[in-house]
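Novice: Mind folding the following:
(one chain, ligands or ions: 1)
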Amino acid sequence: MSTSTPKSTNITWHGANVTRDEREEVLGQKGCVVWLTGLSGSGKSTIARRLEQKLLEMGRTAYVLDGDNLRFKLNKDLGFSPEDRTENIRRVGRVAELFCDAGVICITAFISPYRVDRDAAREMVPDGRFVEVHVATDLATCEARDPKGLYGKARAGEIKGFTGIDAPYEAPAAAEITLSTADRSVDASCDALIEGLQGLGLL
Ligand code: ADP
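Specialist: A predicted model of the protein is given here:
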């Protein structure tokens with residue numbers, strides 16, 4: 001999927017009258033993308049929702065982009081083939097880019113199994129504003145949780161191309177933050193994330 005040449009030709013880029021710096025000053029925070037990646041059932045959505053809530057309680061504006069939710073609307077035309085997964089992440093990266101530019105802390109919860117797709121999303125935002133978080137819950141734990149019953153279906157052959165079963169998950173090589181959730185509560189994971197964001201100068 002080319003991102004360089006738009007299909008339309010009679011379009012003009014309009015610059016803004018307001019900069020991201022000015023928006024951030026009004027909001028009293030830095031825009032960034034907190035990109036959660038991990039297996040299905042690893043805890044991405046659960047952690048994203050709780051983190052959003054905790055940040056709001058701290059007076060920060062955050063917004064969650066959730067994998068399943070976006071597939072109901074923006075990405076309703078996409079399935080789980082490798083090409084569709086890549087396009088899914090490309091669109092999410094572009095939406096996250098806009099939230100970041102708006103000065104919002106954008107938390108994304110997508111399996112995003114391919115390293116090259118996550119790296120492409122990283123390239124969409126300014127340096128230092130993309131925080132890759134590996135929700136590193138092991139497959140056995142995810143499968144035991146099976147919150148949506150999907151592992152059961154994948155093992156029974158009712159779902160093909162399921163990440164971790166018969167489709168690959170490429171773990172991050174250098175995530176800014178790695179969370180193990182098997183031995184940590186949701187709250188403790190969020191607190192570790194907040195600490196990590198503070199350490200990176202984003203909070
Ligand atoms: P994902 O978005 O990665 O597919 P979900 O957040 O939908 O995962 O599901 C994770 C499941 O694991 C939820 O049912 C959640 O309540 C449970 N869970 C148990 N312990 C934890 C933990 N420490 N962190 C996150 N989720 C946990």
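
Novice: What values do phi and psi take at residue 172?
Specialist: phi -60, psi 140 (degrees, to the nearest 10).

Novice: so it makes contact with residue 117?
Specialist: No - with contact defined as CB atoms under 8 Å, residue 172 does not reach residue 117; the gap is 11.7 Å. To be clear about C-beta, it is placed using only N, CA and C from the backbone, and glycine gets the same treatment.

Novice: what about the two, which has more around it?
Specialist: Neighbours per residue (other CB atoms under 10 Å) separate residue 172 from residue 117, with residue 117 holding more: 22 against 19.

Novice: ok, so what distance separates the nearest residue to the more buried one once chain neighbours are set aside from residue 14?
Specialist: Counting by CB to CB, 6 or more residues apart in numbering, residue 89 is the residue found nearest to residue 117 once chain neighbours are left out, at 4.1 Å. Here residue 89 is placed at a distance of 27 Å from residue 14 (CB to CB, to the nearest Å).

Novice: Show me which of those two is the more surrounded one.
Specialist: Neighbour count, other CB under 10 Å: between residue 89 and residue 14, residue 89 has more, with 27 against 6.

Novice: what about that one, helix or strand, and which?
Specialist: Per DSSP states H and E: residue 89 is located in helix 82-101.

Novice: Buried residues of that helix, list them for me.
Specialist: Within helix 82-101, the residues scored as buried using 16 or more other CB atoms under 10 Å are 85-89, 91-93, 95-97, 99-101.

Novice: so how far is the helix or strand following it from its chain's centroid?
Specialist: The helix or strand immediately downstream of helix 82-101 is strand 105-109, counting by DSSP H and E. Per CA atoms, centre = their mean, to the nearest Å, the displacement of strand 105-109 from the mean C-alpha position of its chain is 5 Å.

Novice: which other helices and strands contact strand 105-109?
Specialist: strand 32-37, helix 44-57, strand 62-66, helix 82-101 (3 or more CB pairs under 8 Å, 6 or more residues apart in numbering; DSSP states H and E).

Novice: Go through these and name the closest to the ligand.
Specialist: Ranking these by proximity to the ligand (CB to the nearest ligand atom) places helix 44-57 first, at 3.3 Å.

Novice: how far away is the nearest residue to residue 180 once chain neighbours are set aside from residue 171?
Specialist: Closest residue to residue 180 apart from its sequence neighbours, by CB to CB, 6+ apart: residue 136 at 5.4 Å. Going from residue 136 to residue 171 by CB to CB gives 7 Å.

Novice: These two: who's more crowded?
Specialist: residue 136 (19 against 14).

Novice: my guess is the more buried one contacts residue 184, does it?
Specialist: No - if you go by CB under 8 Å, residue 136 and residue 184 don't touch, sitting 10.8 Å apart.

Novice: who's in contact with the residue nearest to residue 117?
Specialist: With contact taken as CB atoms under 8 Å, 6 or more residues apart in numbering, residue 89 is in contact with 110, 112, 114, 117, 118, 120, 121.
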